[in-house]
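Asks: With the sequence up front, the predicted model follows.
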Amino acid sequence: MNSRYEVVIGLEVHVQLTTKTKIFCGCSTRFGQAPNSQTCPVCLGLPGALPVLNHKVVDYAIKAGLATNCQIAPHSIFARKNYFYPDLPKGYQISQFELPICERGWLDIELEGSEKKRIGITRIHMEEDAGKLLHADGQSSSVDLNRACTPLLEVVSEPDMRTADEAIAYLKQLHQIVVYLGICDGNLEEGSFRCDANVSIRPWGQKELGTRAELKNLNSFRFIKQAIEYEVERQAELLDDGGKVVQETRLFDADKGVSRSMRGKEEAHDYRYFPDPDLLPLKVSEDWIDQVRSTLPELPQAKLQRYQQEFGLPAYDAGVLSAEKPVAEYFETLVALHDQPKICSNWVMSEVLGALKDKGIDIVDCPVTPAMLAGILKRIADSTISGKIAKQVFDGIWSTGKSADQIIEEQGLKQVTDTGAIEAIVNEVIAANPGQFEELKGGKDKLMGFFVGQVMKASKGKANPEMVNQLLKKKLSA
């Protein structure tokens, strides 16, 4: 980031909702269908077609508002945002302007090594999406209106962020919340969660905001960070060279790592907003808000704190396990079956998440269920198997779907706890390495690990490591 100027960042995030039908008609919102196959007179903007508000969209808007500490407006109005573009069939977008459904919220972000910072949320409003332009050969374009009228929430932040890292922290937390709520699938590549960043700079100490540029439709956290950092440097170079920053909309070219001008940035009056005459004002009662509030899940930040307080987990573990709702549900189910949270945490983070990453699958499709994993942990606890052998059992369950007890029995993996049998192996290892044993007796303590390893190797991992250590120490003092 350029240190000569203070950076000011505000974000507008479009959250595509997971309703089965569109915001003002009954057409499906399924992604990836044949072009223009999910349309009707309403979303095509045909004369005389009237919109009807989808009740579920309002539920989802209230959920988002409650989860981001917003005030829910008892009275809000839909407005027409007038502009002309080929993917906007009506010639206007139904949105909200002066009276949105949610206002004056906030999220607290925390960067590593920094104190918490509160980012204000100006408003959350409901609106419909536009269609999609398809550019085939550089000479012609087609329009797919399947996406037209798909329900969106636009979450508008205050210009409270001062670095790209703060912007990413805010976005990741907002993304986490809407996915936890189940109101958005969070798929950035499909455009379900996309961001416009308003970036300006000003000399340090100046109160007046600089001229902003809007970076449009950024669809990955990495590209958002790159785009903001590039824009800061671009504006700084302009000012340093005696130029002026122009208020405009810019597109970020991820391949080249640069942004380019798209069009002059419009102001609100350019859109000639006025209340939509086809939609009644929306009234939201306290009972409605309370009903939606009763359906809210435990949110990720609350879950993270509870994992530290209730389960005694380190902040890192709690953060990993609470980041995604399905992972948190897996972990909590496991703890309910095997009440040793830290051991459960270690296994979920290392073995389960590691195997899922290697196989490229989600935890909801994990072949090792919490009950199966609990079976492994119980056999470690009662000394039937060692921790090392347990990983072999895990692999066996993953590939066969059998229980821990079945794998242990079929593969002969029970831990050897017979003192006489282990002592015989210890004697053999000492006899095979007399020089090293004399060095160990002479005080070279690091060789203890060598002898334990050799005994475990000779027993094919079945010897009880604690007994091996005890017998070796007994030999040393003899």
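Replies: That came through fine. Numbering: from 1, shown residues only.
Asks: Could I get the pLDDT score of the most centrally placed residue in the chain?
Replies: With distances taken as C-alpha atoms, centre = their mean, Gln176 lies nearest the centre of the chain, 4.5 Å away. pLDDT for Gln176: 96.
Asks: swap in Lys265?
Replies: 60.
Asks: on that earlier part again, tell me the SS of the residue nearest to the centre of the chain?
Replies: Classification of Gln176 using DSSP: H, G, I helix; E, B strand; the rest coil returns helix.
Asks: contacting residues around it?
Replies: 300, 323 (C-beta atoms under 8 Å, 6 or more residues apart in numbering). (Glycine included, C-beta is placed from N, CA and C.)
Asks: now it: how far from Ser322?
Replies: With the distance defined as C-beta to C-beta, to the nearest Å, Gln176 ends up 9 Å from Ser322.
Asks: Quickly list what's touching both of those two.
Replies: Listed as contacting both Gln176 and Ser322 by C-beta under 8 Å, 6+ apart are Pro300.
Asks: give the contact list for the nearest residue to Asp276 once chain neighbours are set aside.
Replies: Spatially, and ignoring its direct neighbours in sequence, Asp276 is nearest to Phe78 (4.5 Å; C-beta to C-beta, 6 or more residues apart in numbering). Residues in contact with Phe78, defined by C-beta under 8 Å, 6+ apart, are 53, 94-96, 126, 275-276, 279, 282.
Asks: gap between Asp290 and Leu181?
Replies: Taken as C-beta to C-beta, the span from Asp290 to Leu181 is 17 Å.
Asks: Neighbour count: those two, which is higher?
Replies: Neighbours were counted for Asp290 and for Leu181 using other C-beta atoms under 10 Å; Leu181 has more, 20 against 9.
Asks: Assess the claim that the more buried one and Ala67 are in contact.
Replies: Yes: here Leu181 reaches Ala67: they are 6.0 Å apart, a contact under C-beta atoms under 8 Å.
Asks: circling back to that earlier point, and the pLDDT for the residue nearest to Asp276?
Replies: 97.
Asks: Compute the distance between it and Phe97, please.
Replies: Using C-beta to C-beta, Phe78 is found at 9 Å from Phe97.
Asks: which residue ranges form the strands in the stretch 101-250 of the chain?
Replies: Counting by DSSP state E, counting those that start in this stretch, the stretch 101-250 of the chain has strands at residues 102-109, 117-128, 132-135, 141-144, 151-157, 193-203, 213-218, 248-253.
Asks: Redo the ones you listed as a markdown table? Include mean neighbour count, mean pLDDT and distance to Tyr170.
Replies: Listed next are these as a markdown table, based on neighbours: other C-beta atoms under 10 Å; pLDDT from 0 to 100; distance: least, C-beta to C-beta, whole Å:
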| stretch | mean neighbour count | mean pLDDT | distance to Tyr170 |
| --- | --- | --- | --- |
| strand 102-109 | 19 | 97 | 5 |
| strand 117-128 | 21 | 98 | 5 |
| strand 132-135 | 12 | 87 | 27 |
| strand 141-144 | 15 | 92 | 32 |
| strand 151-157 | 23 | 98 | 7 |
| strand 193-203 | 22 | 94 | 10 |
| strand 213-218 | 20 | 85 | 14 |
| strand 248-253 | 18 | 89 | 18 |
